[in-house]
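S.K.: Sequence plus the predicted model coming up.
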Protein chains: 2
Amino acid sequence: MKAAILSIGDELLAGSIVDSNAAWIGRSLTDLGCRPIAHRTVGDDREAIAAAAAHLAPDVDVLVCTGGLGPTADDLTRYAVADLVDAGVLIEDEAALDAVRTWCETRGLPASEARRLVAMRPPSARFLTNDCGTAPGMLTDLRGVQAWWLPGPPQEMRSMFNRHVAPEIRGSTGWPQPLEVLAAGLTEVQAADRLGDLLDQSRSPRLGIRVGGGLVRIAVRPTGSEEHQGTLAACAAAVRAALEPWALPAGAASLPEAVAAAACGERIAVAESCTAGGIAAALTSVAGSSDWFVGGWVTYADAMKVDVLGVPSDLLSPSGPGAVSSETAAAMASQARVRSDASLAAAVTGIAGPGGGTTSKPVGTVWLGLADAAGVRTRRIRVPGDRHRVRAGTTDATLQWIRWHLLGVEGALPWEWPTGD
Amino acid sequence: MKAAILSIGDELLAGSIVDSNAAWIGRSLTDLGCRPIAHRTVGDDREAIAAAAAHLAPDVDVLVCTGGLGPTADDLTRYAVADLVDAGVLIEDEAALDAVRTWCETRGLPASEARRLVAMRPPSARFLTNDCGTAPGMLTDLRGVQAWWLPGPPQEMRSMFNRHVAPEIRGSTGWPQPLEVLAAGLTEVQAADRLGDLLDQSRSPRLGIRVGGGLVRIAVRPTGSEEHQGTLAACAAAVRAALEPWALPAGAASLPEAVAAAACGERIAVAESCTAGGIAAALTSVAGSSDWFVGGWVTYADAMKVDVLGVPSDLLSPSGPGAVSSETAAAMASQARVRSDASLAAAVTGIAGPGGGTTSKPVGTVWLGLADAAGVRTRRIRVPGDRHRVRAGTTDATLQWIRWHLLGVEGALPWEWPTGD
């Protein structure tokens, strides 16, 4: 099945907002077994909307359009749809009008003329209920082509796509749901090397590999309706096995969630210099992290390291190894563990840039420390990129190292942490 | 002047990556005095690329295309351009070939056949140098329409657009550069109310208002070439004056930068519970923050608050006011200031959710504390949204409150911090 996507809105053309809907729909359609072959964006212009849909439809089986269904004067999609399928005629939909009235009543708002407008549809269109807002979506037939018209706000669009569009298309293609395997700490090329023949594009299921949000992401996609969910799960397990120990466990959508999955029964603390709270913030992005995360120190100034955390001052003296050193990372981790009564404490100290780099310790030089009851260990890593990437990469490296330590994995932390997207 | 945008790449259609280029180009063109009227995305398909460009060109003055200029087998844009302007003919460009050879030499890579491919252009096309990569861009004439062909990687595209495309279009339109005013702590509607007549769309310069990244963003755009940069600067100053004290100072592109602009001579510390490092990480996102930021505590567990930071344990006992209270926020801020020898310390303690809320303290309830040599003050705020929004909004509210305190502004912190986008 071939598909096309139409985005509607002046604000998209003017770049006031980035069109994340188009990529999300493209990915969802691909996952459902459709091939998106074209995407267009038009402004809030009745003729342009109708013309673009009419031009796209003949080449595809499915057309997904977003935007312009709201109640304001610049929402013209319903008129364009009426022009396309019912010679411009719109009727009031009783059920939709009831839904609008109820929505307004529960919020103490008047069911104004404008709000009632969203209950208008071309007679031949089928309304799709909207669980997250007032404007219903529509399904129309454009000379045999399924044309779906969805609202522009991403939350409403995604909910409506998953509820109405996806089951319909899956019913046509019969494809099972794709899976995704995530990995952290190796490059896309290294991941591809490890996957080897699994990446062969003639295989079923078919793998896709990309980098996003600091993670290597391997999509496990069906290539036809004959595959079962179990086949995909088995393939995902093979991918995960090939990427051990870098792969995140099934069910973890991020590195903090992967740490959480391994942290049961632990009491984890941190001491951060260059990341300055980024590691603690990442760990606590997971709901329920208070079960295993106790807190930490942001020791940005040397005085905080010495006077508050208890790093020996001679380490930071002109004749000492300095703030960015194995000794300081070790002292930070040890002190953090003892003072917080944690079972495990991680520490980072490094040069995030843009200033502060030297020949022997260039920007991106980071020392990590990890202390538990058995002792403390340190590792030097290099994190390439600008200030933002060095800090984000250091956070990811520390999280993966914590996870590996909890799982008993040794020696996997790479010398250079990959931060390229 | 009217403009159209063409994005090229299978990975865009499949949604593997979000097309941030299209929005960036749309905004840049709008800022230059062009009106984008259409955008299309096509895959890596020679015929589809040429057909889309040929279809878009007649309606516009400028066409900006991105992607498909690299050296790999799926980069087909140069062939499509040749089909459009020179009957499919490509020639090797001597200067571009020299640039490729130099690029490869300095990196110790072979100047392979594939890499040399990027030096091929249609005879009538003008090459545009690429400072960030190997693939040059191109300028061609499509029957009187300027067609710019730029590489897909955003860094390369933006650099090339700013260097080659923007001056050419500005030379045609003669429009001055638009400005942007940022504000934090009020809603888009509240900002619009304060701006009043300034938002009148018949005025010059013309204002645009949107919300993004937790900030209200007001674009100050010229409406013609007769405006001077000074006119825009005066209008931006009027906007800033109307939005005091919420407006960020000129030159600050974020709340942390706005704090940095007010923090000279200070020594700032933080104690964080629900944000758990997010405030420290935000402050230190600014290069040079070590001049005024000393560090802080992440007191996630009660034991960290009491045993490490020194919050009186009776505050957290069953008969006390609890962790999320004015008393605890005050104690956290006071202790952080004294222990770090800071001039100013901020503290936050709140309920980020999804669990932990009660009738009297629902999710989103946050107490802020601020301590300086004169004493400590606290404020209760509500931050609506999910866990991520509560934490991000709490961070923004704290940063703006710190800034206001440093500037001597009183009473501006709203009871409900706006987090809607």
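M.R.: That came in fine, so what should we check first?

S.K.: and A:Ile279, helix, strand or coil?
M.R.: Following DSSP: H, G, I helix; E, B strand; the rest coil, A:Ile279 is assigned to helix.

S.K.: count of residues packed around it?
M.R.: A:Ile279 has 31 neighbours, counted by other C-beta atoms under 10 Å in any protein chain shown. Glycine gets a C-beta too; all of them are placed from N, C-alpha and C.

S.K.: give the contact list for it.
M.R.: Residues in contact with A:Ile279, defined by C-beta atoms under 8 Å, 6 or more residues apart in numbering or on different chains, are A:270, A:272, A:296, A:346, A:348, A:394-395, A:398-399, B:277.

S.K.: Model confidence for it, exactly?
M.R.: If you check A:Ile279, the pLDDT there is 98.

S.K.: next helix or strand past the helix or strand harbouring A:Asn21?
M.R.: Following DSSP states H and E, the helix or strand that holds A:Asn21 is helix A:20-31. Using DSSP H and E, the helix or strand that follows helix A:20-31 towards the C-terminus is strand A:35-42.

S.K.: how about that following strand, does it reach chain B?
M.R.: Yes: using C-beta under 8 Å from any C-beta of the partner chain, strand A:35-42 reaches chain B at A:36-42.

S.K.: of the contacts of A:Ile279, closest to A:Pro176?
M.R.: Nearest to A:Pro176 out of these is A:Leu399 (C-beta to C-beta; 31.5 Å).

S.K.: Could you double-check that the closest one sits in contact with A:Thr284?
M.R.: No: A:Leu399 is beyond contact range of A:Thr284, at 11.9 Å (criterion: C-beta atoms under 8 Å).

S.K.: SS state for the residue lying closest to A:Thr299 once chain neighbours are set aside?
M.R.: Distances taken as C-beta to C-beta, 6 or more residues apart in numbering or on different chains put A:Lys305 closest to A:Thr299, at 4.3 Å, once the chain neighbours are dropped. Classification of A:Lys305 by three-state DSSP places it in helix.

S.K.: Narrow the residues of strand A:35-42 next to chain B to just the buried residues.
M.R.: Among the residues of strand A:35-42 next to chain B, the ones that count as buried by 16 or more other C-beta atoms under 10 Å in any protein chain shown are A:36-42.

S.K.: Make JSON lines from the residues you listed and add distance to B:Val189 to it.
M.R.: Output for these, formatted as JSON lines (distance: C-beta to C-beta, whole Å):
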{"residue": "A:Pro36", "distance to B:Val189": "37"}
{"residue": "A:Ile37", "distance to B:Val189": "41"}
{"residue": "A:Ala38", "distance to B:Val189": "37"}
{"residue": "A:His39", "distance to B:Val189": "33"}
{"residue": "A:Arg40", "distance to B:Val189": "32"}
{"residue": "A:Thr41", "distance to B:Val189": "27"}
{"residue": "A:Val42", "distance to B:Val189": "28"}
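
S.K.: how many neighbours does A:Gly108 have?
M.R.: Neighbours of A:Gly108 (other C-beta under 10 Å): 6.

S.K.: For it, report the pLDDT, please.
M.R.: pLDDT at A:Gly108 comes out at 78.

S.K.: Please apply the same query to A:Pro153.
M.R.: The model's pLDDT for A:Pro153 equals 87.

S.K.: With A:Ala373 instead?
M.R.: For A:Ala373, the pLDDT comes out at 97.

S.K.: now it: how far from A:Glu266?
M.R.: The gap separating A:Ala373 from A:Glu266 is 11 Å, by C-beta to C-beta, to the nearest Å.

S.K.: Could you name every residue contacting both of those two?
M.R.: A:Ser343.

S.K.: higher neighbour count, the two?
M.R.: A:Glu266 (19 against 8).

S.K.: and stretch A:209-227, how far out from the chain's middle?
M.R.: Taking C-alpha atoms, centre = their mean, to the nearest Å, the mean C-alpha location of stretch A:209-227 is offset from the chain mean by 14 Å.

S.K.: Then stretch A:51-61?
M.R.: The answer for stretch A:51-61 is 31 Å, by C-alpha atoms, centre = their mean.

S.K.: got the CA positions of it in PDB?
M.R.: C-alpha atoms of stretch A:51-61 as PDB (Å, rounded to 0.1, in the frame of the first residue of the first chain):
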ATOM      1  CA  ALA A  51      -6.100  21.000  -4.900                       C
ATOM      2  CA  ALA A  52      -3.300  19.300  -3.000                       C
ATOM      3  CA  ALA A  53      -5.500  16.400  -1.800                       C
ATOM      4  CA  ALA A  54      -6.900  15.900  -5.300                       C
ATOM      5  CA  HIS A  55      -3.300  15.900  -6.700                       C
ATOM      6  CA  LEU A  56      -2.000  13.400  -4.200                       C
ATOM      7  CA  ALA A  57      -4.900  11.000  -4.100                       C
ATOM      8  CA  PRO A  58      -4.500   9.300  -7.600                       C
ATOM      9  CA  ASP A  59      -1.000   8.000  -6.800                       C
ATOM     10  CA  VAL A  60      -1.800   6.300  -3.400                       C
ATOM     11  CA  ASP A  61      -4.100   4.000  -1.500                       C
END
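
S.K.: Mind checking which of the contacts of A:Ile279 are in helices?
M.R.: Judged by DSSP state H, the subset of these located in helices is A:394-395, A:398-399.

S.K.: gap between the closest residue to A:Pro176 other than its chain neighbours and chain B?
M.R.: Excluding its sequence neighbours, the residue lying closest to A:Pro176 (C-beta to C-beta, 6+ apart) is A:Gln229, at 4.5 Å. To chain B, A:Gln229 is 22 Å away according to C-beta to the nearest C-beta, to the nearest Å.

S.K.: and A:Gln229, what pLDDT?
M.R.: Looking at A:Gln229, its pLDDT is 85.

S.K.: and if you look at A:Pro176?
M.R.: A:Pro176 carries a pLDDT value of 84.

S.K.: quick one: which helix or strand includes it?
M.R.: Per DSSP H and E, there is no helix or strand for A:Pro176.

S.K.: And the residue most central in space within chain A, how close does it get to A:Ser285?
M.R.: Chain A has A:Gly213 as the residue nearest its centroid, 6.8 Å off, counting by C-alpha atoms, centre = their mean. Separation of A:Gly213 from A:Ser285 (C-beta to C-beta): 12 Å.

S.K.: which residues do these two both contact?
M.R.: Contact criterion C-beta under 8 Å, 6+ apart; residues shared by A:Gly213 and A:Ser285: A:Ser254.
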